[in-house]
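Participant: have a look; sequence and predicted model below, questions after that.
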Amino acid sequence: MAWGSEASARPAAPPQLTAARPDTTDPAVLSRLTTLEVLRALETSPRGLDEPRAQRLLERYGENTPPTAHPPGRLRRFARSLRDPFSAVLLVLGVVSAAVSAWATAAVITVLVVISCVLRSAGEHRAERAAAGLRELVAATATVRRRPAPGAEPRVRELPVDQLVPGDVVLLGPGDVVPADVRLLRATGLTVHQPALTGESAPVTRNARDTPDAPPSGDLPGQRHLCLQGGSVATGSGTGVVVATGAGTFWARQSRPVPRRTTGGTVFHQALGGVSWTLIRLMLCAAALVLAAHTVLRGPALDTVPLAVAVAVALTPEMLPVVVNVSLARGAVRLAREHAVMVRRLPALHDLGAMEVLCTDKTGTLTRDRPVLHSALDPWGRPDPEVLGWAAVNAHWTLHLAELPAPDPLDEAILRAGGPGDPDPGDPCGRLTGLAALPFDPVRRRATAVVREPDHPGTHTVVVKGAVEEVLPCCTRLRTEAGGERALDEARRLEVLALAERQASAGLRLLAVAMARRPGRTVPAGLTPDSAERELTLLGFVALRDELAPGAAEALSALARQGIAVKVLTGDHPATAARACRDLGLDPGPPGTVVTGAHTETLDDAELAELAATRTVFARCTPAHKARVVEVLRAAGRPTGFLGDGVNDLPALHAADVGICPLGAADVTRAGADVVLAGKDLTAIGRAVTCGRDTTRNITTYLRVVLSSNLGNVIAMMVAGLLLPFLPMLPLQVLVQNLCFDAAQLAFAFDRAEPRAGARDGPTVLRPRAFTAFVLRFGALNAAADLGTFAALGWLLSLPSAAGLDTHAVFHAGWFTENLLTQALVIWLLRPGSARRMPPPLVAAVAGLTAIGLLLPLSPLAPALGLTATLPGAYYPLLGVVLVVYAGALGFIRARYRGAISIL
Ligand SMILES: Nc1ncnc2c1ncn2[C@@H]1O[C@H](COP(=O)(O)OP(=O)(O)OP(=O)(O)O)[C@@H](O)[C@H]1O
Ligand SMILES: [Mg+2]
């Protein structure tokens with residue numbers, strides 16, 4: 001690349017060996033050394049390392065893998081899974097049982113907790129492994145300058161980040177993640193985002209200094225001439241030498257992992273927390289009720305405590321964390337395999353399903369960001385090739401002088417069309433000399449280059465290009481039709497804006513180009529936007545056309561069908577944005593309804609939330625504007641996703657419940673996104689949403705089946721407790737049947753929701769209220785089936801033929817069998833979708849429950865559990881009748897409340 005070889009022409013510091021090599025990873029040492037000393041210590045130069053030496057250094061220092069915390073061991077993971085509310089509550093119940101000497105109850109509870117924790121930690125381990133595998137697929141690269149052989153000319157190339165070694169010279173540009181600890185050699189307008197390192201959320205300025213500032217406390221992140229691993233470039237560019245990699249970096253030495261985006265507080269965590277606490281409250285109420293009812297009826301008795309405990313345990317969906325984890329991990333793996341969508345944070349899958357609004361960036365996401373030149377116009381709208389020439393001068397010299405690792409697509413298009421950067425086509429070999437540059441940044445929306453023209457000795461020529469609304473206020477004059485200049489009065493200004501509006505409405509991306517010649521001999525020291533970008537003469541515009549991204553229109557219409565509102569938040573001109581929306585089939589609203597970033601600043605959060613609820617397009621947004629729109633939408637209670645590719649999208653990506661980035665996004669955007677689309681087609685978003693919804697639906701089905709059947713049991717147990725002179729089911733029996741049911745429920749994690757053709761589709765969130773009505777209805781039905789069984793058993797036991805049978809044991813065995821069989825029926829019939837097309841794990845669960853229900857009371861284990869082996873033969877036909885009636889009623893209610901079953 002040209003700017004790489006240009007830079008290499010500068011004299012290099014000869015590599016010298018020092019007797020005692022200072023340790024450049026030591027903050028105290030590093031903060032003392034000059035740039036030259038650092039280069040010497042690392043035996044490198046601004047021309048970069050040669051490949052053979054880099055190989056040797058790689059062997060010596062090892063790979064530059066970002067330091068991650070040691071993956072927790074089995075025991076740690078097990079201990080961690082004890083921390084979830086269900087395990088904690090169960091453990092308390094176990095302790096209560098032990099306190100009243102109900103040892104069997106305490107033992108079964110312990111077994112339940114252990115099984116759930118083992119399964120959960122194993123599931124998490126597998127999910128983490130899968131996620132790590134996916135992360136590798138989106139691993140980043142660094143731009144380095146290396147020489148193929150010791151004497152050869154340096155070349156700039158992309159290198160996997162883990163191959164970097166101390167001494168490598170890296171180029172940093174907007175959107176790059178700082179790949180290692182770097183001492184800057186050059187920097188232009190460089191600002192780095194490093195909230196995790198300094199706690200500041202705004203980007204911090206970085207510049208090259210030969211002699212470092214004396215830091216007050218040896219605090220590396222505060223030093224302006226260093227870019228530390230974990231930061232990312234917000235604007236500008238820089239070249240630096242790697243001083244520490246892998247375990248030697250600042251972060252590794254803090255023995256903390258490079259922080260990722262915070263995961264707490266998303267829809268998923270709130271939803272799961274809400275559901276868990278609702279259930280825990282329900283469970284405690286039920287236990288208290290059982291205790292109170294039995295005490296009132298029979299006076300205080302210690303044996304009701306284990307029963308109350310058993311009821312509480314029976315109501316606890318202790319497998320919920322396991323089912324949630326396994327379902328999410330399976331969904332993520334399926335998305336990766338079938339649709340090339342990487343879910344980097346598993347709960348994001350739930351949040352995708354919950355998403356009600358998707359905010360998306362335009363350029364690079366809905367459009368391809370491969371602009372091609374359409375026209376170059378003077379301020380009056382007539383073709384003028386000279387304007388393109390000056391735009392190319394600006395693009396060429398900002399690239400060169402700022403040493404950007406890669407040109408921005410707009411600059412690339414201008415350079416492709418405008419040649420090597422000289423406005424005079426008669427002399428294309430570059431008579432100009434670049435002096436200084438202020439690279440583009442998304443807040444200023446302009447780029448400036450200062451050059452020297454041989455025909456204008458003693459002057460500097462400032463060339464500015466950027467968004468029309470940003471360049472125009474810097475202009476005081478404009479080119480006339482005759483090639484002269486005149487003052488830019490208010491009337492002209494309005495005319496120019498109207499021309500820009502017309503061009504933008506045609507879908508063109510428009511850049512204004514302006515210049516000024518100012519006296520000056522030397523390179524302007526300390527070039528600032530204020531000093532350079534003023535009193536310019538407007539030369540005209542370059543208009544570029546960008547194609548729509550493949551599949552963007554289909555993706556948007558699929559999202560609309562899925563009930564997701566799409567909003568476009570772009571840095572581009574309102575009219576260009578509105579036109580792109582129209583071309584994509586998204587209604588931008590009547591003319592004048594595009595909201596601008598500047599306008600959002602005049603509104604408070606409530607006003608902006610109101611506006612954001614109804615408007616579709618937000619244009620001329622800075623990164624902060626984008627993030628604020630996302631924040632107010634979220635604060636209004638609408639789960640919000642953000643889809644974007646650029647460094648200007650990062651704050652919004654972090655602010656959203658789910659951050660999604662398309663293929664080809666900047667490194668830092670990929671690193672910050674929860675979901676990465678690795679395929680070309682944007683329609684994968686719709687599929688990811690469907691997968692998220694299916695996963696949530698599986699979890700909800702699990703909760704509904706488990707809770708309705710458990711609630712039924714508890715109601716039946718309480719009613720029977722009031723009617724019978726003995727405990728309707730012994731605590732141990734409650735727990736054993738609970739254990740069987742738990743095992744069967746794991747199958748829900750393997751359920752595959754069926755295509756919901758024609759059904760109303762919408763965002764899915766785990767919401768306690770969403771299934772309370774369902775659970776009550778089906779719970780009552782389940783209780784009715786239990787009570788029917790009690791009646792049948794009561795009648796059988798009153799017959800003369802039953803004389804001599806152990807009434808309690810027969811009753812317990814009869815109910816035990818009925819319970820497991822009704823639970824099998826519930827799994828079979830309450831699952832959404834066709835009962836005939838159940839996946840094998842669910843078939844196995846139904847068959848297993850049936851077999852245990854029928855055979856356990858007949859097995860040698862029965863007496864130990866207080867179940868008898870001699871159920872009267874007449875019981876089975878009666879049970880058959882109860883089950884058939886129950887199944888019929890289930891089917892009836894299911895058909896009646898079809899909507900309630902298939903939709904949350
Ligand atoms: N290299 C550049 N030089 C000068 N001006 C630029 C350059 N790149 C972009 N601009 C101007 O700045 C505006 C904002 O750019 P920004 O990167 O924030 O958003 P965008 O690329 O237009 O859109 P989106 O936010 O949808 O990706 C652009 O519309 C353009 O007018
Ligand atoms: Mg973009």
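Facilitator: Alright, I've got the coordinates. Numbering: from 1, shown residues only. Ligands and ions are numbered 1, 2, ... in the order given.

Participant: from ligand 2, how far out is whatever residue of the stretch 151-300 of the chain ends up closest to ligand 1?
Facilitator: The stretch 151-300 of the chain approaches ligand 1 most closely through Pro174 (8.9 Å), counting by C-beta to the nearest ligand atom. To be clear about C-beta, it is placed using only N, CA and C from the backbone, and glycine gets the same treatment. Pro174 sits 11 Å away from ligand 2, going by C-beta to the ion, to the nearest Å.

Participant: any idea which element the closest residue to Leu608 other than its chain neighbours lies in?
Facilitator: In space, and not counting its chain neighbours, Leu608 is closest to Val632: 4.9 Å by C-beta to C-beta, 6 or more residues apart in numbering. Per DSSP states H and E, Val632 falls inside helix 623-635.

Participant: one more: Ala314?
Facilitator: Going by DSSP H and E, Ala314 is in helix 304-315.

Participant: domains of this protein?
Facilitator: Residue ranges for the domains of the chain, per automatic domain parsing: 1-259, 290-329+693-902, 341-367+549-678, 372-545.

Participant: any chance of those domains in JSON lines, plus mean pLDDT and mean neighbour count?
Facilitator: Below are these laid out as JSON lines (pLDDT from 0 to 100; neighbours: other C-beta atoms under 10 Å):
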{"stretch": "domain 1-259", "mean pLDDT": "75", "mean neighbour count": "18"}
{"stretch": "domain 290-329+693-902", "mean pLDDT": "81", "mean neighbour count": "19"}
{"stretch": "domain 341-367+549-678", "mean pLDDT": "91", "mean neighbour count": "22"}
{"stretch": "domain 372-545", "mean pLDDT": "86", "mean neighbour count": "19"}
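
Participant: can you redo those as a markdown table with distance to Leu284?
Facilitator: What follows is those, written out as a markdown table (distance: least, C-beta to C-beta, whole Å):
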| stretch | distance to Leu284 |
| --- | --- |
| domain 1-259 | 8 |
| domain 290-329+693-902 | 7 |
| domain 341-367+549-678 | 26 |
| domain 372-545 | 53 |
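
Participant: which stretches of the stretch 101-250 of the chain form strands?
Facilitator: 141-147, 155-160, 169-172, 181-193, 204-205, 226-227, 232-244 (DSSP state E, counting those that start in this stretch).

Participant: can I get these in CSV including distance to ligand 2?
Facilitator: Listed next are these as CSV, based on distance: least, C-beta to the ion, whole Å:
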stretch, distance to ligand 2
strand 141-147, 20
strand 155-160, 21
strand 169-172, 19
strand 181-193, 17
strand 204-205, 23
strand 226-227, 23
strand 232-244, 14
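
Participant: mind putting the ones you listed into JSON lines with distance to ligand 1?
Facilitator: Output for those, formatted as JSON lines (distance: least, C-beta to the nearest ligand atom, whole Å):
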{"stretch": "strand 141-147", "distance to ligand 1": "18"}
{"stretch": "strand 155-160", "distance to ligand 1": "19"}
{"stretch": "strand 169-172", "distance to ligand 1": "17"}
{"stretch": "strand 181-193", "distance to ligand 1": "12"}
{"stretch": "strand 204-205", "distance to ligand 1": "19"}
{"stretch": "strand 226-227", "distance to ligand 1": "22"}
{"stretch": "strand 232-244", "distance to ligand 1": "10"}
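
Participant: quick revisit: OK, contacts around the residue nearest to Leu608?
Facilitator: 605, 608-609, 612 (C-beta atoms under 8 Å, 6 or more residues apart in numbering).

Participant: again, but for Ala720
Facilitator: Each residue near Ala720 by C-beta under 8 Å, 6+ apart is listed here: 728, 786-787, 790.

Participant: sitting in strands, which of these do you find?
Facilitator: Among those, no member falls in strands (DSSP state E).

Participant: between those, which is closest to Ala402?
Facilitator: Of all those, Asp786 has the smallest distance to Ala402: 75.9 Å, by C-beta to C-beta.

Participant: contact partners for the closest residue to the closest one other than its chain neighbours?
Facilitator: Take Asp786 and drop its neighbours on the chain: the residue closest to it by C-beta to C-beta, 6+ apart is Ala716, 3.4 Å away. Counting by C-beta under 8 Å, 6+ apart, Ala716 touches 728, 782-783, 786-787, 790.

Participant: make a markdown table out of those residues and add distance to Ala491.
Facilitator: Below are the contacts of Ala716 laid out as a markdown table (distance: C-beta to C-beta, whole Å):
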| residue | distance to Ala491 |
| --- | --- |
| Pro728 | 91 |
| Asn782 | 80 |
| Ala783 | 82 |
| Asp786 | 86 |
| Leu787 | 88 |
| Phe790 | 92 |
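
Participant: closest one of those to Ser45?
Facilitator: Nearest to Ser45 among those, counting by C-beta to C-beta, is Asn782 at 78.0 Å.

Participant: just the element for Cys285, please.
Facilitator: helix 267-298.

Participant: which parts of that helix are buried?
Facilitator: 267-268, 270-272, 275-276, 279-280, 282-283, 286-287, 290-291, 293-294 (16 or more other C-beta atoms under 10 Å).

Participant: what does the stretch 301-450 of the chain put close to ligand 2?
Facilitator: 361, 363-364 (C-beta under 5 Å from the ion).

Participant: tell me which of those residues is nearest to ligand 1?
Facilitator: Nearest member of those to ligand 1, counting by C-beta to the nearest ligand atom, is Thr363, at 3.3 Å.

Participant: wasn't the closest one part of a helix?
Facilitator: No. Secondary structure assignment places Thr363 outside any helix; it is coil (DSSP: H, G, I helix; E, B strand; the rest coil).

Participant: residues in contact with Arg368?
Facilitator: Neighbouring residues of Arg368 by C-beta under 8 Å, 6+ apart: 546-550.

Participant: the residues you listed also near ligand 2: which ones?
Facilitator: Filtering these for proximity to ligand 2 by C-beta under 5 Å from the ion leaves nothing.

Participant: got CSV for these, with distance to ligand 1 and secondary structure too?
Facilitator: CSV is the format used below for the contacts of Arg368 (distance: C-beta to the nearest ligand atom, whole Å; DSSP: H, G, I helix; E, B strand; the rest coil):
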residue, distance to ligand 1, secondary structure
Asp546, 9, coil
Glu547, 14, coil
Leu548, 13, strand
Ala549, 11, coil
Pro550, 17, coil
